[in-house]
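A.B. asks: Got a predicted model here, sequence first, then my questions.
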Amino acid sequence: MAETIGSLVDKISIFELKIYHMSEQIHRDDASPQHRELCKQRLKILKQQRDDLVEELNQLYADIKEGRKKIKIYRQFKMYNDPSYRIKSQ
């Protein structure tokens, strides 16, 4: 499984922030009509991408709930700053 529930939620939250700020650009009084139009087009794309991620999250949740996929936990084994992994000098 390439994506996890957490990674999808993280990506969705980033898209929500982008959508919020792109919407602000559309409503700027000092922005040119060309800038506003470009932002409207980009906002449409951002919303579609966010919706795709939401659908992926919903499908992953359903697959886990129905037992079609299992959550796999990856452990991190960090070796730096651990004296037991250091080679002892002779």
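C.D. replies: Okay, I see it. Residues are numbered from 1 along each chain as shown.
A.B. asks: what about residue 39, how many residues close to it?
C.D. replies: 20 (other C-beta atoms under 10 Å). All C-beta spots, glycine's among them, are computed from the backbone N, C-alpha and C.
A.B. asks: Nearest spatial neighbour of it, chain-adjacent residues omitted?
C.D. replies: Closest residue in space to residue 39, ignoring its immediate chain neighbours: residue 25 at 4.2 Å, by C-beta to C-beta, 6 or more residues apart in numbering.
A.B. asks: what's the spacing between that neighbour and residue 14?
C.D. replies: According to C-beta to C-beta, to the nearest Å, residue 25 and residue 14 sit 17 Å apart.
A.B. asks: And those two? Which one has more around it.
C.D. replies: Between residue 25 and residue 14, residue 25 has the larger neighbour count (other C-beta under 10 Å), namely 15 against 12.
A.B. asks: need the contact list for that one.
C.D. replies: Residue 25 makes contact with 31, 35-36, 39 under the criterion C-beta atoms under 8 Å, 6 or more residues apart in numbering.
A.B. asks: Among those, which one is most surrounded by other residues?
C.D. replies: Taking other C-beta under 10 Å as the neighbour criterion, residue 39 ranks highest of those with 20 neighbours.
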